[in-house]
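Colleague: coordinates for the following, if possible.
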Amino acid sequence: MSDPLANPNSTPPPTSGHPVELTLRLAGERLDKALCDAMPQLSRMQWQRLLQDGLVTLNGRALTRPSMRVNGNERLVAILPEPQPTDLLPEDIPLDVRYEDGDMIVINKPADMVVHPGTGHYTGTLSNALLHHCPDLKGVGGEMRPGIVHRLDKSTSGLIVIAKHDQALWYLQRQFKKRTVRKKYLALVEGQLRPPVALIDAPIGRDPTQRKKMAVISPHSSYSPHARPAQTHYTTLESFAQFTYIECDLHTGRTHQIRVHLAYIGYPVVGDTIYGRRKRKFDLKRHFLHAAELTLQRPSDDAEMTFQSELPPELQGILDALRNDSNQ
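Modeller: Numbers count the residues shown, from 1 in each chain. Got it, this is the predicted structure:
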């Protein structure tokens, strides 16, 4: 039986690079978009380039047209090129290393550090610091994001894992994609949260009116096709007169997910001037959100490992003050 997506006249793809097996799931969608869904770490433009170079195959035949429609459940092989040199410069910035082996490194990120360079942040990032700590990271997973498996917002502190080579990167990324990684966050929100335990299940997409923000998108909205499922489970740890201290478990990993979800139900994160109150109630130059626990499988032997991070002093101080006020 012929393959409807394959180009019978295409030449065999190059064999250099790292092969990755992918399964397409967006039936009826464009091939490049379906590939982005299968491996979102690469942009749509990057997938188009790989297709044009004959680096994506179905049953040994190269797929070259990004606009082809997929049937769903096709199993493809993509050959990702070897890492390329990067202009990102190493910087001697102290890192709080919580674990390190030959495959990965777990960092406790401070709240004032951007993960990778972007507009307005070209130096002083976690990526710059990592290249100084691990020079071999250069080019792993992309020029400006060496070894980055997932992200934390600049003002969110806590645990983040970085891969030291491409095989470890894909291994860890697959865990995030399959949602087997467990992530627990600690947050202080405005108001007395009700109910005390709940699952927020609301799709998140780009805000239709403010493109730099994310928002919960109604299923009846014309923008709903562009939203992605998002689930956040929260549990109340302590209640105060005007605030609630909670733990959040992420079932998905959308941009700004916890902040968007909590603001959507009327309990924004304290200090969040984008999705919450613009005027801060505490002398806090960040939002009260901390990635406190991360559980994943180690690439070398599949062993499950759990890492924990205590609240940083500026957040612990606020919590202690609230407890003292409650006891008076």
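
Colleague: what's the closest residue to residue 281 other than its chain neighbours sitting at in phi/psi?
Modeller: Excluding its sequence neighbours, the residue lying closest to residue 281 (Cβ to Cβ, 6 or more residues apart in numbering) is residue 270, at 6.8 Å. Where C-beta positions appear, they are placed from N, C-alpha and C, glycine not excepted. Note on residue 270: backbone dihedrals following degrees, to the nearest 10 are phi -60, psi 130.

Colleague: tell me where the model's unsure across the protein.
Modeller: The chain contains residues with pLDDT under 70 at 1-17, 82-86, 119-120, 138-139, 141-145.

Colleague: please enumerate the helices of it.
Modeller: 31-38, 44-52, 126-133, 166-177, 257-264, 313-327 (DSSP state H).

Colleague: which stretch among these is buried most, on average?
Modeller: Ranked by mean neighbour count, the helices of the chain are led by helix 257-264 with a mean of 24 (mean count of other Cβ atoms under 10 Å).

Colleague: who are the packing partners of that helix?
Modeller: Contact analysis of helix 257-264 by 3 or more Cβ pairs under 8 Å, 6 or more residues apart in numbering; DSSP states H and E lists strand 182-190, strand 197-201, strand 204-206, strand 214-216, strand 231-239, strand 243-250 as its packing neighbours.

Colleague: for these, which one sits closest to residue 59?
Modeller: Comparing the helices and strands packed on helix 257-264 by their distance to residue 59 (Cβ to Cβ), the top pick is strand 204-206, with 34.5 Å.

Colleague: picking that back up, dump the helices of the chain into TSV; add distance to residue 64 as well.
Modeller: Shown next, in TSV, are the helices of the chain (distance: least, Cβ to Cβ, whole Å):
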stretch	distance to residue 64
helix 31-38	10
helix 44-52	6
helix 126-133	33
helix 166-177	23
helix 257-264	36
helix 313-327	51
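
Colleague: out of these, which is closest to residue 67?
Modeller: Of all the helices of the chain, helix 31-38 sits nearest to residue 67, with 7.1 Å by Cβ to Cβ.

Colleague: in this structure residue 106 contacts residue 163, no?
Modeller: No - using Cβ atoms under 8 Å, residue 106 is not in contact with residue 163; the gap is 10.9 Å.

Colleague: please say which of the two ends up with more neighbours.
Modeller: Shown here are residue 106 and residue 163; by other Cβ atoms under 10 Å, residue 163 has more neighbours (23 against 19).

Colleague: which strand residues bridge that one?
Modeller: Going by DSSP bridges, residue 163 is paired in beta bridges with residue 104.

Colleague: residues in contact with it?
Modeller: The contact partners of residue 163, taken as Cβ atoms under 8 Å, 6 or more residues apart in numbering, are 103, 104, 140, 141, 147, 149, 169, 171, 172, 299.

Colleague: if we use 7 Å, what do you get?
Modeller: Applying Cβ atoms under 7 Å, 6 or more residues apart in numbering to residue 163 gives the contacts 103, 104, 140, 141, 147, 149, 169, 172.

Colleague: what is the nearest of those residues to residue 50?
Modeller: Set against residue 50, the nearest of the contacts of residue 163 by Cβ to Cβ is residue 141 (14.8 Å).

Colleague: find the nearest non-adjacent residue to the spatially most central residue of the chain, please.
Modeller: In the chain, the centroid-proximal residue (Cα atoms, centre = their mean) is residue 150; its distance is 3.8 Å. Leaving aside its sequence neighbours, residue 150 sits nearest to residue 176 (Cβ to Cβ, 6+ apart; 5.8 Å).

Colleague: now for the closest residue to residue 305 other than its chain neighbours, how many residues are close by?
Modeller: Nearest non-adjacent residue to residue 305, counting by Cβ to Cβ, 6+ apart: residue 298, 5.3 Å away. Look at residue 298: counted by other Cβ under 10 Å, it has 16 neighbours.

Colleague: likewise for the one 3 residues further on?
Modeller: A count of neighbours around residue 301, defined by other Cβ under 10 Å, yields 7.

Colleague: from residue 323, how far out is it?
Modeller: Per Cβ to Cβ, to the nearest Å, residue 301 is found 42 Å from residue 323.

Colleague: again with residue 213
Modeller: Residue 213 is 33 Å from residue 323, where distance means Cβ to Cβ.

Colleague: all set, thanks.
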